[in-house]
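Turn this into a structure:
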Amino acid sequence: MEHLIAAVVARRFYRENRTKKQIADELGISRFKVARILERALRDGIVRIEIDVPPELDLDLSQQVADRFGLRQALVVRAATGNADSDQVAIRRQLGRACAALLTERLSDDDVLGVSWGRTLHALTDVLPALPHATVVQIVGSVPSADLSINSLELLRRLGASTGGAVHALHVPMVLDSAEVAATLREADYVAATLARFREVTCALVGIGGWLPGGSSLRTALPAELVADLDAAGAVADVCSTVLDANGEIVGGDSVPARCIAITTGQLRAVPDVIGLAGGADKAAAIAAALRAGLLHRLITDSSAATPLLHL
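Got it, this is the predicted structure:
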C-alpha cells in the first residue's frame, strides 16, 4: 500500500504538476508527509530521474572544475581526437556551440554584452542563433591576425545581427606604438563614446591567451623588448589587456594597459558576469591563471584543458 500511495503522490507531483499542498489536501495528509513520501519515492526507485545530457558535454568534469575554482558555472566539452591542427579547429567549433547555447540561456533584452576577441571566440560566428535583444559592446580594439577571415569587427557584427540590439564598436587597434599615442586616441570622440559603455556591461565574453609564441595575439602585437620583460616576470596568460603569472598576479604593471585600447583589469572585475572561453591542453596554465586572478565567473573549455586544470 505504501508503494501505491508513493506512486500516486509522485505522479501527481511530477507528471500532473500539482503542488505539495494540493496533493496534501486531496489525500487528507500534511504537505510535510507529502514531501517525505516524495523523498522516499526517489530513494526507493519508484521515481527515476534521467537527465538528457548532450553527448559532447562532460557533466561530471564540468562540475569538478566549477567546484575546484568556485565558479558559477563550467561547461566542459569532450576533446576531439585526430591530428593537432584538425583538433584545434574541432575544439573551437565545439566551444563555439557551447558558448552559443549558454548565451541563449544567459542573455536577456536588458543585458549589455561586452565581447573581446580571439580565434575561439570567432568560432561563434558560424553557430550564432537568434539571441535576446541585448546591446553589444566591443571591449578590446582590433588585433592583427594572419587569417584575414578572423577579426574582431566581424565577430561584433555577427553578434549584433543575432541580438538585433545596438552595437558599439572600437574602430582602432588594440595595441598602439606608445602609451602617449594610446592616450591621445582614447580622447577621440568616436573612441571615448565606446569606452564610456564599459561601465554598463553586465555580461562579458572574453578569450584567454596562452603566453607563448603563437598562443597570444596580444604577445604578438607587443614590442619584443616588452615581451622579453613580461617573459622574465613569469607571464603565462593574458585576458584583454591584463597579463598574468601562474599565480594569477598581474605582471608588467601598467606597461601593457597603458598602450592598449581595451577594458582594464578594474573595469573587467566590475562586470557582474564574465564568461571565459578557451580550450586545448596548451591553454590549461593560462586558464588556471585567469581563474586564480578572479577574473571569471563562468568557464567554457574542453576536457584536454580541464583535466590538467584540476591538478594545477
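
ok, residue 98 touching residue 77?
Yes. At 5.5 Å, residue 98 counts as touching residue 77 under the criterion of C-beta atoms under 8 Å. C-beta coordinates here come from the backbone N, C-alpha and C atoms, glycine included.

out of those two, which sits in the more crowded spot?
Set residue 98 next to residue 77 and count neighbours by other C-beta atoms under 10 Å: residue 77 wins out with 26 against 23.

for the more buried one, what are its contacts?
Going by C-beta atoms under 8 Å, 6 or more residues apart in numbering, residue 77 touches 56-58, 91, 94-95, 98, 279, 300-303.

Next step: those residues restricted to helices.
Among those, the ones falling in helices (DSSP state H) are 91, 94-95, 98, 303.

Dump those into TSV; add distance to residue 227 and pLDDT as well.
Putting the ones in helices among the contacts of residue 77 into TSV (distance: C-beta to C-beta, whole Å; pLDDT from 0 to 100) gives the following:
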residue	distance to residue 227	pLDDT
91	26	82
94	31	87
95	27	90
98	32	90
303	31	94
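
my hunch is that residue 236 is in a strand, does that hold up?
Yes. According to DSSP: H, G, I helix; E, B strand; the rest coil, residue 236 belongs to a strand.

before we move on, the earlier item: nearest to residue 249, of the ones in helices among the contacts of residue 77?
residue 95 (26.6 Å; C-beta to C-beta).

Tell me how many other residues crowd the residue lying closest to that closest one once chain neighbours are set aside.
Nearest residue to residue 95, sequence neighbours excluded (C-beta to C-beta, 6 or more residues apart in numbering): residue 279, at 5.1 Å. A count of nearby residues for residue 279, using other C-beta under 10 Å, gives 30.

quick one, what contacts residue 279?
77, 79, 91-92, 94-95, 120, 300-302, 304-305.

Look up how far residue 122 lies from it.
From residue 279 across to residue 122, the span is 13 Å (C-beta to C-beta, to the nearest Å).

quick one: secondary structure of the residue sitting nearest the centre point of the chain?
Nearest to the mean C-alpha position of the chain, by C-alpha atoms, centre = their mean, lies residue 275 at 2.5 Å. Assigned by three-state DSSP, the conformation of residue 275 is strand.

Report the contact partners of it.
Per C-beta under 8 Å, 6+ apart, neighbours of residue 275: 99, 102, 106, 203-206, 296-300.

10 Å - rerun?
Residues in contact with residue 275 (C-beta atoms under 10 Å, 6 or more residues apart in numbering) are 72-73, 75, 99, 102-103, 106, 113, 115, 203-206, 296-300.

Can I get the buried ones among these as something I can paste into ChimeraX?
Here is the ChimeraX command that selects the buried residues among the contacts of residue 275 (16 or more other C-beta atoms under 10 Å):
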select :73,75,99,102,103,106,113,115,203,204,205,206,296,297,298,299,300
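
Identify those among the contacts of residue 275 that sit within strands.
Counting by DSSP state E, the part of the contacts of residue 275 found in strands is 73, 75, 113, 115, 203-206, 298-300.

wait, which of these is closest to residue 7?
The closest of the ones in strands among the contacts of residue 275 to residue 7 turns out to be residue 73 (C-beta to C-beta; 35.0 Å).

Bridge partners for that closest one, pull those for me.
Counting by DSSP bridges, residue 73 forms beta bridges with residue 298.

Which residues are in contact with it?
Taking C-beta under 10 Å, 6+ apart as the test, what residue 73 contacts is 62-63, 65-66, 102, 106, 273, 275, 297-300.

what's the angle from the helix or strand encompassing residue 62 to strand 298-302?
Per DSSP states H and E: residue 62 is located in helix 59-69. Put simply, helix 59-69 runs at 130 degrees to strand 298-302, going by axes from the mean of the first three to the mean of the last three C-alpha atoms, to 10 degrees.

Now do helix 59-69: everything it contacts.
Outside helix 59-69, the residues that touch it by C-beta under 10 Å, 6+ apart are 51, 53, 58, 71-78, 98, 287-288, 290-292, 294, 296, 298-303, 305-307, 309-312.

Could you pull out the helices in the stretch 51-200 of the chain for me?
Assigned by DSSP state H, counting those that start in this stretch, the helices in the stretch 51-200 of the chain fall at 59-69, 84-106, 119-122, 152-163, 179-186, 189-195.

Would you indicate which residues of the fourth one are buried?
Burial within helix 152-163, assessed by neighbour count using 16+ other C-beta under 10 Å, is assigned to 152, 155-156, 158-160, 162-163.

Then the first one?
Neighbour-count burial for helix 59-69, counted by 16+ other C-beta under 10 Å, picks out 61-62, 64-66, 68-69.

Let me have the residues you listed in JSON lines, extended by pLDDT and distance to residue 174.
Below are the buried residues of helix 59-69 laid out as JSON lines (pLDDT from 0 to 100; distance: C-beta to C-beta, whole Å):
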{"residue": "61", "pLDDT": "94", "distance to residue 174": "33"}
{"residue": "62", "pLDDT": "93", "distance to residue 174": "31"}
{"residue": "64", "pLDDT": "95", "distance to residue 174": "34"}
{"residue": "65", "pLDDT": "96", "distance to residue 174": "29"}
{"residue": "66", "pLDDT": "95", "distance to residue 174": "30"}
{"residue": "68", "pLDDT": "95", "distance to residue 174": "31"}
{"residue": "69", "pLDDT": "96", "distance to residue 174": "27"}
